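In: here is the input, now give the coordinates:
(chains A and B)
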Amino acid sequence: MAGVAELLEGKRVCICAGSGGVGKTTTSAAIAAGMAARGKKVAVLTIDPAKRLADSLGLPELGNTERQVDPSLFAEAGVDPGEGELWAMMLDAKATFDEVVRRHAPDEETRDRILANRIYQQLSGALAGSQEYMAMEKLFEIWAEDRYDLLVLDTPPTRNALDFLDAPRRLTQFIEGRALQVFLRPTGLATRVIGGGTSMAFSVLKRITGIDLLQDLSEFFQAFSGMVGGFRERAKRVNELLADEQTSFLVVCGPQGEPITEAVYFHRKLIQAGLPFGGVVVNKVHLGFDGADSAHGEGALADPLERQLGDEDLARRVAENFADYRILAERDGRNVRRLAKHMRTRAVIQVPYLDRDVHDLAGLMEVNGYLFAADAAERERIAAEP
Amino acid sequence: MRDLLDKRLVIVTGKGGVGKSTVALAMGLAAAERGKRAIVCEVSAQEGLSRVFHRAEVGFHEVEMAENLWAISIDPDEAMREYVLLQLKVKAMRDLLFRSRIFNYLAAATPGLRELVTIGKIWELAQPDRKVKQGNTYDVVIVDAPATGHGVGFLQTPKTFSSIARVGPIRAQADTLDAFITDDRKTGVAIVATGEEMPVNESASLERALKEEVGASVDRVYLNGLYPERFAAGELPAIEAGAAEAKGSVRAACRAALSQARRAEAQREQLARLRTLVKAPVSTLPYVFEPQLELEQIRRIAAEVS
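Out: Predicted structure coming up:
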């Protein structure tokens, strides 16, 4: 069984993917901090609008550019990173979209038309898959600048972990749509140049939307059509980066039934898409205790517990709590085995449900004890420490 | 809580993975038990409800799941179609539109339109005088809304369209929706959190964003999954000693107890933080020690949501 350091050997890009609420941001930050502690220059990119990463790294705010995490925080956490550096940025999807428009617009007029369009201003953040696409854009941009040994991407908290895989394709499709091309004739809404059926469809549409909204939309799509070439080329290169052998996808999930099912599905999609799967991280696992005799029922434990604790009532409550814990540990064990079987992988890294929250560098380093443990024995040794 | 379930629409939101769907369903069950006709809406094809009730997918239909409790999974494409059907009474016009490539393209590509028609459908469900033929009348509509980051944008959509469309039917519709979700006599908002640092922080910023960017005030914040306080502080040294000295199952049981006690304490610290950070009243919901939440356990939570 491998740890994260082995999984990321020779990799330049690590993409942490999974559904919302499974600890992706913490895992991404922990991996980045762990690799920085091993002497690498690492940048972690997160898109979360709730500024989770900023919280977890003690940064008051993160802009759309990378900021270095204060090296003294490593010292406080008792780590000497040597040459290593940890950088972090929180992606601003809107600002990135503006940058993309500036880059791909064929001329200044088109650029200004898009940036001034009311629909663009209000809704560029809501465009299908735009957050996801912008994460990829930024990843690609920073990767192309070649300033880091490793980039760790914390993907957007979509309900469906696959949305972002699809994002470059969807956005390209969006501006390439054939129907759009009809819509985008230079005269736009002028009914003379478009077919009779289309013109009638327009007049019906007008009833539903109102004429000004339709005009704004027409403007919006027209302006975008000038950027098809640039977008297509860029999307192609982003896809090449994702499929590159220096890239590794880590699937992050929780130990409950639904997150496991989603992780299995996501793994299958990665393989189908020909993308490099590295391993899976299961967070907040209720680990089984070695040496705890499963035949030992609640009743059988009562006496030895009472002898140890010297209090009958306390012993009863400790036994009761242990029974509850074991229900969860058994469930998690079952789910993790199911995960490993379906993914046909041994690279399943389990992070136990820790006694305390992780919200600073010291906490991230504690998580790293599990993420980077080279083998199961080492992990168990760590788990056995009080 | 009596006030919250007395509203026509209740929006349940919060960070991903905190149990929003469970809380939304528990609220639906609580309302139904009180004799109200309630419907729970899923908005992103999670289909979690069908699992709990052991049924085939709910889909874009109002399905009765239990006495007085209905469910629907709102698919934006279906909602869009229904909206057009309601707007255009002449069949020939509708057919013309549905066949047109322009319409299909715009319906799929226009930013925010899917969210707008989804909220439109939620609003329609909450009307005493339903627009849809043979639609049931509900006393309360409970929405399992998207998670934090997307949730504010989702609820902001009507306001956004109001500002983009100066005149016309979309403008009128968007104004109606916005007025409804910002009217605190009709619409209530509940945020779900867990007793951890990040969900607590996010709940506070979510409450603020909902107020400032949507104009909706939060009625209740739930701290979900609260551990029971099983051990008193004075008992911990004995348990710690057991975790260090004993062997086998006794040691494991003591370590589990220690872990539980630390978690329970940390959760209570977060609960105190939550109470100072949010303006809305905070209620707690118990952790359920079961491999998977079934209807029976969700009914237990339903007894606690009020």
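In: where does the nearest residue to residue A:43 once chain neighbours are set aside land in three-state SS?
Out: Nearest non-adjacent residue to residue A:43, counting by Cβ to Cβ, 6 or more residues apart in numbering or on different chains: residue A:87, 4.1 Å away. Placement of C-beta: from N, CA and C, glycine included. Three-state call for residue A:87 (DSSP: H, G, I helix; E, B strand; the rest coil): strand.
In: so what's the residue of chain B positioned farthest from its centre up against?
Out: For chain B, the largest distance from the centre (Cα atoms, centre = their mean) belongs to residue B:245, which lies 46.5 Å off. When contacts are counted by Cβ atoms under 8 Å, 6 or more residues apart in numbering or on different chains, residue B:245 touches A:308, B:251.
In: so what does it have for phi and psi?
Out: Main-chain torsions, residue B:245, degrees, to the nearest 10: phi -90, psi -40.
In: helix or strand next in line after the helix or strand of chain B with the lowest mean pLDDT, which one?
Out: Of all the helices and strands that make up chain B, helix B:48-52 has the lowest average by mean pLDDT, DSSP states H and E, namely a mean of 70. Later in the chain than helix B:48-52, the nearest helix or strand by DSSP states H and E is strand B:63-66.
In: list the helices and strands that following strand packs on?
Out: Counting contacts by 3 or more Cβ pairs under 8 Å, 6 or more residues apart in numbering or on different chains; DSSP states H and E, strand B:63-66 packs against strand B:69-73.
In: the residue of the stretch 201-350 of chain A found nearest chain B: how many residues sit nearby?
Out: Using Cβ to the nearest Cβ, the closest approach of the stretch 201-350 of chain A to chain B is made by residue A:210 at 1.6 Å. By the criterion of other Cβ atoms under 10 Å in any protein chain shown, residue A:210 has 20 neighbours.
In: partners of the helix or strand where residue B:13 lies, with directions?
Out: Residue B:13 belongs to strand B:9-14 when assigned by DSSP H and E. Sheet pairing for strand B:9-14, assigned by DSSP bridges, gives strand B:140-144 (parallel), strand B:187-194 (parallel).
In: show me how far it is from its chain's centre.
Out: The chain centre lies 4 Å from the centre of strand B:9-14; the measure is Cα atoms, centre = their mean, to the nearest Å.
In: next: stretch B:93-104.
Out: Remark: stretch B:93-104 is offset 34 Å from the chain centroid, using Cα atoms, centre = their mean.
In: now do stretch A:36-45
Out: With Cα atoms, centre = their mean, you get 17 Å for stretch A:36-45.
In: with just CA atoms, put it into CSV.
Out: C-alpha atoms of stretch A:36-45 as CSV (Å, rounded to 0.1, in the frame of the first residue of the first chain):
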residue,chain,number,x,y,z
ALA,A,36,6.3,21.3,0.8
ALA,A,37,7.6,19.8,4.1
ARG,A,38,9.5,17.3,1.9
GLY,A,39,11.4,20.1,0.2
LYS,A,40,9.1,20.7,-2.8
LYS,A,41,7.9,24.1,-4.1
VAL,A,42,4.2,23.5,-4.1
ALA,A,43,1.1,25.6,-4.9
VAL,A,44,-2.4,24.6,-3.9
LEU,A,45,-5.3,26.1,-5.8
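In: list the buried residues in that stretch.
Out: A:36, A:37, A:38, A:40, A:41, A:42, A:43, A:44, A:45 (16 or more other Cβ atoms under 10 Å in any protein chain shown).
In: and the second one, its phi and psi?
Out: When you say that, I think you mean residue A:37. Given degrees, to the nearest 10, the pair of backbone angles that residue A:37 has is phi -60, psi -20.
In: likewise for the first one?
Out: Reported as degrees, to the nearest 10, the phi and psi values for residue A:36 are phi -60, psi -40.
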